[in-house]
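fold the stuff below for me.
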Amino acid sequence: MKKILEVRGLSRTHGPGCPLCFENTGAEAETNVCASCGSVVAAQDVSLDLHQGEILGIVGESGSGKSTVVKTLFFDAEPSAGEARFFDGDQQLDLFSLNAARQRWLRNHRFGMVYQNPNLGLNFNVSAGGNIAERLLMSDVANYASVRQRARDLLTRTEVLGERMDESPRRFSGGMQQRVQIAKALATRPPLLLLDEVTTGLDLSVQARILDLILEIQHELNTAMIVVTHDLGVIRLLAGRTLVMKYGQVIESGLTDQVLEDPQHAYTQRLVASAL
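Down below sits the predicted model:
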C-alpha cells in the first residue's frame, strides 16, 4: 500500500519553551504545563504513517493534543519541531518547509479538513453551494455551470437536498452543516482528509449517518483519513489503526482491535473500561 503521509517528531509548544519542557510534561508527569517556564506542550514528539485508503484514528481526552496534530498538518498551526512528508504522485513534499503560497495550494487542492465547529470550516455569508464553489474555483474548475453542477452532486452525495444548495448553512441543522463541510472538503477529490471530532454534539442517529458517509467515501474514493475523536465507538467503527494520546504524547498505538481489546497502557485501559 502506498504511503502518503509520514510524520516524525511533531511537537507544538505554546509559550517561550525551555530545555525541560518535554521532561516536565507528558503522560508520566500528568500535565502538559511545564513547571520550569509555564509553557503548554500541546504535542510532544508525535510520529505516524498513513497509507492510501487507510483510516487512522487518534483518540484521547480533551487536551490530549490530538486536534493539535491535524491542525498542524493542515497548516492551521505551526509546529515547534518535527517533520511531515506528503507523497503526492512522484513528488515528496516536506510540508513544514514549504512557503505559505505552496501550503495554501495544498490546503485548497490536496487536503480536506472537517472541523468539529462548522464555523471554522464554512463561510456562513454564502450559500451551501457557494461554499463548495469557493473551493472549486481555486482549482481548475472555472466554468459556472460545471461548478454549480459539481456542487449539487456533492451536496446530494452527502445527503443535502439539491434544492437547498442556495440556502445559507445558518439555516441547516448541525448534522447538515457537517455534511456540507464534508462535501466542501471533497470538492477537489483530495487524497488526504482530516476529520476533527466531526460527530461531537450530534444526535446518535445523525452521528450514525455521518459515520456511514465517511466509510462510503473511503471505500469509493480510496481517500486516506485521519480521524480525531474522544469517542471509542467512532474509532472502533472507522479506524484500522489507532494512536492513543495523553498530555501531548502518543502513549499507545497499533491495530484498533488490538488497542481496544487488549490495551497495554493503564490510561488506555481506563478509557476502554469507561466506554463499556
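
what comes up buried for stretch 173-191?
The neighbour-count check on stretch 173-191 (16 or more other Cβ atoms under 10 Å) flags 175-188, 190-191 as buried. Where you see a C-beta, it was placed from the backbone N, CA and C, and this is true even at glycine.

for the chain, which spans come out with low pLDDT?
The model of the chain has pLDDT under 70 over residues 139-142, 276.

which one's the longest helix in it?
Longest helix in the chain by number of residues, with DSSP state H as the criterion: helix 204-221.

tell me which other helices or strands it touches.
With contacts taken as 3 or more Cβ pairs under 8 Å, 6 or more residues apart in numbering; DSSP states H and E, helix 204-221 sits against helix 174-186, strand 224-229, helix 232-238.

could you export these as TSV, including distance to G26?
Formatted as TSV, these follow (distance: least, Cβ to Cβ, whole Å):
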stretch	distance to G26
helix 174-186	32
strand 224-229	19
helix 232-238	22
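
quick one: closest of those to R104.
Nearest to R104, of all these, is helix 174-186, at 15.5 Å by Cβ to Cβ.

and that closest one, C-alpha only, in PDB?
Taking C-alpha atoms only, helix 174-186 is exported to PDB below (Å, rounded to 0.1, in the frame of the first residue of the first chain):
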ATOM      1  CA  GLY A 174     -25.700  20.700  13.000                       C
ATOM      2  CA  GLY A 175     -25.600  17.400  11.100                       C
ATOM      3  CA  MET A 176     -26.400  19.100   7.800                       C
ATOM      4  CA  GLN A 177     -23.700  21.600   8.400                       C
ATOM      5  CA  GLN A 178     -21.200  18.800   8.900                       C
ATOM      6  CA  ARG A 179     -22.300  17.200   5.700                       C
ATOM      7  CA  VAL A 180     -21.800  20.500   3.800                       C
ATOM      8  CA  GLN A 181     -18.300  20.600   5.300                       C
ATOM      9  CA  ILE A 182     -17.600  17.100   4.100                       C
ATOM     10  CA  ALA A 183     -19.000  18.000   0.600                       C
ATOM     11  CA  LYS A 184     -16.700  21.100   0.600                       C
ATOM     12  CA  ALA A 185     -13.700  19.100   1.700                       C
ATOM     13  CA  LEU A 186     -14.300  16.500  -1.000                       C
END
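
how far off centre is it?
Helix 174-186 sits 14 Å away from the centroid of its parent chain (Cα atoms, centre = their mean, to the nearest Å).

now A101: phi and psi?
The phi and psi values for A101, taken as degrees, to the nearest 10, are phi -70, psi -40.

ok, it - how many residues close by?
Neighbours of A101 under the rule other Cβ atoms under 10 Å: 7.

distance of it relative to T72?
Going from A101 to T72 by Cβ to Cβ, to the nearest Å gives 19 Å.

got it, and W105?
18 Å.

between those two, which has more neighbouring residues?
Just comparing W105 and T72: by other Cβ under 10 Å the higher neighbour count belongs to T72, 25 against 15.

surely the more buried one is within a helix?
Yes. Looking at T72 with DSSP: H, G, I helix; E, B strand; the rest coil, it is inside a helix.

what helix or strand is the residue lying closest to it once chain neighbours are set aside on?
Using Cβ to Cβ, 6 or more residues apart in numbering and skipping the chain neighbours, the partner closest in space to T72 is P79 (5.1 Å). Per DSSP states H and E: P79 is located in neither a helix nor a strand.

phi and psi next, for P79.
Note on P79: its backbone torsions stand at phi -70, psi 150 [degrees, to the nearest 10].

residues in contact with it?
Shown in contact with P79 (Cβ atoms under 8 Å, 6 or more residues apart in numbering): 10-12, 43, 72, 96.

among the residues you listed, which are located in helices?
If you go by DSSP H, the contacts of P79 have T72 in helices.

among the contacts of P79, who's most crowded?
The residue in those with the most neighbours, by other Cβ under 10 Å, is A43 (28 neighbours).
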